[in-house]
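In: No letters, just coordinates:
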């Protein structure tokens, strides 16, 4: 059985997180949500993901701390991370964190799906 690509959505705003999950699932992807970086890291440790969509400003463990922890673990470091943030310095943060891509909120559907598709195997 072929598994659907899995996307981890780390976003503390429940409405945004749920909207992203619904959007991704309508595109045939499996999406799992995390309310903060600590939850995202725990999920990433338990199961493989194709891409992580990461908000920077979250409680408990923010995006910077998540990325530092992810990069320190060789088995997790290779999972591509796409920052989704409304922070004014999101692009500079993305460069400093060495992520695969950065999208500034609000993000359009086509732009989001194009970035995600760039990390997935061809159908």
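Out: Received it, and whenever you're ready, just let me know what you need. In this text, all values refer to a predicted model and were calculated from it rather than measured experimentally. Numbering: from 1, shown residues only.
In: Dead centre of the protein: give me the residue that sits there.
Out: residue 53 (1.4 Å; CA atoms, centre = their mean).
In: who does that residue bridge with?
Out: Legend: beta-bridge partners of residue 53 under DSSP bridges are residue 9, residue 82.
In: going forward, begin numbering at 869 instead of 1
Out: Okay, residue one is now 869; in that scheme the one you just asked about reads as residue 921.
In: That one is in contact with residue 885, isn't it?
Out: No. The pair residue 921 and residue 885 does not pass the contact test of CB atoms under 8 Å, sitting 9.3 Å apart. Backbone N, C-alpha and C define where each C-beta goes, glycine included.
In: rewinding a little: any idea how far the residue nearest to the centre of the chain lies from residue 931?
Out: Distance of residue 921 to residue 931, computed by CB to CB, to the nearest Å: 10 Å.
In: Which neighbours do those two have in common?
Out: residue 878 (CB atoms under 8 Å, 6 or more residues apart in numbering).
In: what about residue 965, how many neighbours?
Out: 19 (other CB atoms under 10 Å).
In: distance of it from residue 938?
Out: Applying CB to CB to residue 965 and residue 938 gives a distance of 9 Å.
In: And residue 871, by the same measure?
Out: 21 Å.
In: The two - which one has more neighbours?
Out: Neighbours per residue, other CB under 10 Å: of residue 871 and residue 938, the larger number sits with residue 938, 23 against 8.
In: Can you tell me the closest non-neighbouring residue to that one?
Out: residue 944 (4.9 Å; CB to CB, 6 or more residues apart in numbering).
In: Please state the offset of the lowest-mean-pLDDT helix or strand in the chain from the chain centre?
Out: Taking mean pLDDT, DSSP states H and E as the measure, the chain has helix 958-965 as its least confident helix or strand, at a mean of 86. Averaged C-alpha coordinates place helix 958-965 at 14 Å from its chain's average position (CA atoms, centre = their mean, to the nearest Å).
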